[in-house]
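> Please find the sequence and the predicted model below.
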Amino acid sequence: MSSKAANYLHQLDRARCDGNWSAVPELVRKVRKHAPERACLALTAETECAIANATLPSSQPNRPSTDEPASNQATSRHADFSTRLPALLESIEKETHYVEDRFQARVCVGWLHWTVAEYTQAAGQLPKGLNQEDSQLDGAESLSEWTAVCALKSAFLRADCLNRDYSRHEALDAFKSGLPALAKAWSGQGAGKQLKEWSEMYLTEYCMLSSEALHEGDVSLEDHNALACYRSWARYWEVHSSAGGYASKGSTPRRRVWKEYYIALSRIVEQDLPFPTGYLSKITNEMSARTQLRDELKTTEAAYQNLLFSETSFPRADEERAEVEELVTLAVKNWSILCGRGWRESDLGPGGRNSASHRVLDLLYKAATKTFHSTSVLRSLFLVHMAVGEFDLAFKAFDSYIDIVKKVKARVDKTGQYEPSLDTDGVVLQTMAQAVITLCQYGGAQSAEKARHLASELEDLLATLPQLKTAENGDGTAPGAQHGDKAGLLHPPVAPHIVALSWQAIGLSHANWSRITREAASRTEIQGRAIRCLRRSLAAEYGRSKDIRSYFSLGLLLAERREITAAIEVVKTALVSSKGKEGQYHLHFGQYWQERSLVPMWHLLSLLLSARQDFAMASRACEGALEQFKDPTVLFGKETSNFRSEHLNDVEEKVPAHDPPKGLVDEMDDMEKEAILEVKMTQLSLVELLEGPDVAVNASSELLVLFARLFGNFATPAQTLKPPKPAEPPKTSGTLRSIRGSIFGGRDRSRPPTRQTSAATTLATPTAPPTVSEEPSESTASDARPPTAKTVNSAMPSIQVTGDGEGKPARSESTNRARRSDSRRRNSLRKKDRSASRRRTSNATAPSQPELVDGEPFFTPAAAAERDQSDFFTYAGKRQPSSMSSFSRGPTLPTLNSYLSTVSKTSDRGELIADDTHPPTDILPLVQLSKDKARFRRTSILVRVWLMIAGFYRRADLYDQCKAAVAEAQKLVQGLEADARQEPSTSPPIRGEGWAERKSVVDLRGDVYSELGYLALAEGNPYQARSEFESALMHAPDHPSATVGLSDILLDLYAEVLRPTPPTPAPAAGSTAMCSHKAAEDTPKTLPTHPLGLRSTPVPHTQPQRTSQTSISDDLPAPYKATCLPLSDRLAARDRAYTLLSGLTRLGTGWNYSDAWFSLARAYEESGQEEKAKEVLWWCVELEEGRGVREWDCLGGGGYIL
């Protein structure tokens, strides 16, 4: 072939690729002259030019959806296709040398048939693809550009013909056959106009047809190549950087393709499908499948929103921006899954959940600029701002949302015109319920007030629902049937689970308000309303009869009302019922969601059992909270050995390092971790109660180890506190076990089940560097010593109240006055009504006979102490489990299963029936607090841990170690104060509770001073204790334990149990200034008639009277000689104690604080009001009967919400 012929062939190919059809006829003539052997190529180019010129005047001739017969007839006339077709077919038969020319001619024949609407003939003539046998082509790499254009054109035309014949699957296969031809389009450089046009047309129609098939269920996203078309489109977009608008010769907007791509990826995320890797541009093993899915979703979302927002203007008042709101809805739905408990932080890439949430916030604020008063945008802003811990901004968005909804609903009810932008009643109810729950869970006193008003509005809205009024009609007629379809359109039916959620939120608001309100007289009524609302949310008609959150809140409320039997029934109903399907909810709630949600339930059961004085079963309930995970490695991860041989070290240096195996606690939020830590704290309180404070001290290091494993070491100073060395080996080896035994609470399973491992070591604690230095001992290093009958009997306390070391500590710390003697025992009086308690007489002849309490046998501590405690588990293990028990926790909980499966009496409030476990309804998004806020919460938890350990040391008479523990807590509180002063804008406020704060800085400071006060009392220094209590009340005026401690000291001063100490030392013997005063002190003095201060000394009434002249001229005695206070100061001390205690017992923090009531009874007694003192003492007895080993506010993060 001559160079001139090759040049003309090249020019002809470029003219066809660039769409320069005016130059094609002249080039065809020259090719026929200089290259007669390429006759097939020349005839094909001439026919293509005729078809292109005939179809150019039509606006959209190449669209498969366009079928215009008039246009087709005009095309036939102008192109004279009837004469060209036979010649083209003949040239194809003769062409045997040039394969590409033959392929291009076949595509031209099919294009010709398709243009004249002969779709069946076109499908038969078009080749099936480049790699098919009929094409006779080697591959797409060595093909010319125009051959690639013809391959794309063939796939597009053939798929359109098959789709018109309702053969969708075959059409998709035809589209798929053209994917190899896109290799030329990926190069990007030198690509002609025709290649770009046909590539975009091909990909657009391929993506749209695939989306239709996905929506109708004809294609599954589980297919390896389910996203092939979308990924090819994204790659084409990346290479050619197309702008927005419409595709060439198409009516489908480019953003529509991106939208379908985004919807497909969203369905994969929502259904948790395997990540399809077909046609993925970059496949790497460094990232997990979920991370790659998140990156692809983020890229697609960014491309779609950029096109949508650039092509969308701000609407007029009568316009809607439905597509923008659809994007918002889909993006927030994806965000709720990605940032939920089902996805790990590492799956979201750099920044994790915080970065993903802020990207959604950026999208929402952009969407707000393209919409007008969009309720979906405001509702989404409320949820996402809440998730990142910006509660103020969240509730500003919510307030705007509620204002708009109220106005629009009023307008709709007045005009009767439906407005598409208005949220349905179900969505409004759900949003309001979420707001109420958020206020109750993360807010303080002001938030509780707002939650109460919002719950009232929520209840009013429920009362106006047409579907709830249907029952009042009596005929069961649907609302829409009576008022027409229009009423059903304006007020569509609300889902039953949303109604249940609404009643649950109303109940939680009442419960939360009962703790905040200062109206003591109405507290019982408020709690009753809360119980009724929570029970209503569990009604079978709403389908949420086993909502864990409602059961927990209901059980906690009943426990606070001292209805222990009813509370145990509620908790048992939640624990005994069968589980739901794990895989159904794990994407939203995470793995082991049922076990994780039941941890506070087990904790509540433990406290309830301790209130019934069943301390052994209470300890077993603490163990059951974590034994439900079966293997400790599930919760805390696998243990890594510290020893490695040199060979293994050399091998590990060559192998890339991997992250250590993580446990479930690494994916929990701080509230779940705190719940596990609280279980451990309760278990140690039970250990102190059963085995003494010395054993609790030995096991206290496990609490620090567990905290370090859960929350890590976050800039905490190194601790140097050392556990004491008891004279004899302790009953537990809490600080002396091996790594495995100390961390996971290992047991020797080969031992007989009748020997119980000590409760101090049975709760699993994780592997972490301990924050206390542990000293070796001669004790066993693997297992704990089980208690014998002797040790258990000797460990039974008169009652050693194990408080938290903060808030409301033990009651045994006071001055040496006689307060309660044996009657101080917690839960030793078991009467519910005062009259029955007064009529009861002691039965000394039969101490082992049980008395009936709420219809069940109960033994008093004195009688129980006489029994052989070592046979408890043996006896309990021999009990036959009930046939009704469907609750199986494995072989480690035989006695607890038997206990839970027992059938108790039905509560008079109605029986609760639960079949399957449901997750909490519409749980709030996983809240990611700021670093400062999270550090504050964790530090406050660590302060409570140190104060609890300090209480153990104090009650074990180890005062130096107690001071060291309090000093550690004090350092942490000082650090929080310093942070608050340095950065007041980001750090929590020093005074007043902020968002997501259980206690403020001043409250923590009050806890520290209160513990110092009780330490001073234990050391026999009541005046130092008074100073510490005063400091505590200076920081936190309503601090419960400091108020009680100070009030007891004031009452001791009034009763003259405490004598004033000399404020100044005695003068020297030769002091002449005091001689005259010393001579005058021998003269008797009368009691002054006016207050003389704290340093005066009243004289007994038996002394003789003095003349008025002598009394007036007499001076005060020397301060160092004062032995008692004047009557006026004593009365002031008593009145101040009464004022402090009466105010505390009206608060939500002290209305059920029995120590405060006991001190108040003493104040009444000291003032001569014996009847009031008796009433208060009987109330104190009732409180003691229903008080657990710890206060109820240690559950639920200090609230009622799971």
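Now that the structure is in, tell me what you want to look at. Every value quoted in this text rests on a predicted model; they were computed, and no experiment measured them.
> Endpoint to endpoint, stretch 535-544 covers what distance?
Start to finish, the residues bounding stretch 535-544 are 11 Å apart (Cα to Cα, to the nearest Å).
> Show me where the protein has its strands.
851-853, 856-858 (DSSP state E).
> any idea of the mean pLDDT in the last one?
Right, strand 856-858. Averaging pLDDT along strand 856-858 yields 42.
> same question, stretch 19-37
Averaging the model's pLDDT scores along stretch 19-37 yields 90.
> which regions of the stretch 451-600 of the chain sit below the pLDDT cut-off?
469-489, 578-585 (pLDDT under 70).
> repeat that with 90
When residues are selected by pLDDT under 90, those of the stretch 451-600 of the chain lie in 464-493, 516, 518-521, 540-548, 576-597.
> any idea how far Tyr262 is from Ala367?
Summarising the geometry, the distance separating Tyr262 from Ala367, computed by Cβ to Cβ, to the nearest Å, is 14 Å. (C-beta placed from N, C-alpha, C; glycine too.)
> again with Leu587
Remark: distance between Leu587 and Ala367 (Cβ to Cβ) = 26 Å.
> swap in Leu926?
Per Cβ to Cβ, Leu926 is found 23 Å from Ala367.
> Also Tyr1009?
Between Tyr1009 and Ala367 the computed distance is 51 Å (Cβ to Cβ).
> Next: Trp237.
Applying Cβ to Cβ, the value for Trp237 to Ala367 is 22 Å.
> Compare those two and say which is more crowded by neighbours.
In this comparison of Trp237 against Ala367, neighbours counted by other Cβ atoms under 10 Å, the higher total goes to Ala367 at 24 against 17.
> so who does that one touch?
With contact taken as Cβ atoms under 8 Å, 6 or more residues apart in numbering, Ala367 is in contact with 309, 324-325, 327-328, 374, 377.
> and of those, the nearest to Tyr592?
Closest approach between these and Tyr592, by Cβ to Cβ: Val328, at 32.4 Å.
> quick one: which of the contacts of Ala367 is nearest Ala123?
For the contacts of Ala367, the nearest to Ala123 is Leu327 (37.7 Å; Cβ to Cβ).
> Please look at that closest one and Tyr304 and confirm they touch.
Yes: when contacts are counted by Cβ atoms under 8 Å, Leu327 is listed as touching Tyr304 (7.0 Å).
> what residues do these two have in common as contacts?
Lys259.
> Which pLDDT value does the model give the closest residue to Arg256 other than its chain neighbours?
Leaving out its chain neighbours, the residue that sits closest to Arg256 by Cβ to Cβ, 6 or more residues apart in numbering is Met208, at 7.5 Å. Met208 is assigned a pLDDT of 93 by the prediction.
> list the contacts for Met208?
Counted by Cβ under 8 Å, 6+ apart, Met208 has contacts 252, 256-257, 260.
> out of those, who's nearest Ala191?
Set against Ala191, the nearest of the contacts of Met208 by Cβ to Cβ is Val257 (19.4 Å).
> Tell me the spacing between the closest one and Glu1165.
As it turns out, when the distance is counted by Cβ to Cβ, Val257 lies 84 Å from Glu1165.
> who's more crowded, the two?
More neighbours surround Val257 than the other of Val257 and Glu1165, with 27 against 17 (other Cβ under 10 Å).
> mind listing what the residue lying closest to that one once chain neighbours are set aside touches?
Closest residue to Val257 apart from its sequence neighbours, by Cβ to Cβ, 6+ apart: Cys207 at 4.8 Å. The neighbours of Cys207, taking Cβ under 8 Å, 6+ apart as the test, are 229-230, 233, 257, 260-261.
> just curious, which of the residues you listed is nearest to Arg544?
Glu260 (35.8 Å).
> Can you check the pLDDT for that closest one?
So Glu260 comes in at 94 (pLDDT).
> Number of residues surrounding it?
For Glu260, the count of nearby residues is 23 (other Cβ under 10 Å).
> Then Arg938?
Neighbours of Arg938 using other Cβ under 10 Å come to 20.
> any idea how far it lies from Phe707?
Using Cβ to Cβ, one obtains 9 Å as the distance from Arg938 to Phe707.
> for Thr464, same thing?
From Thr464 over to Phe707 the distance is 49 Å, taken as Cβ to Cβ.
> Of those two, give the one with the bigger neighbour count.
The residue with the greater number of neighbours, taking Thr464 and Phe707 and applying other Cβ under 10 Å, is Phe707; the counts read 26 against 12.
> just checking, Leu587 touches Asn334?
No: applying Cβ under 8 Å as the test, Leu587 and Asn334 come out as separate, 12.0 Å apart.
> Tell me which of the two has more neighbours.
Here Leu587 and Asn334 are set side by side on neighbour count (other Cβ under 10 Å), and the busier one is Asn334, at 21 against 18.
> Now do the contacts for that one.
Residues counted as contacts of Asn334 (Cβ under 8 Å, 6+ apart) are 266, 269-270, 297, 301.
> at 7 Å instead, please
266, 269, 297 (Cβ atoms under 7 Å, 6 or more residues apart in numbering).
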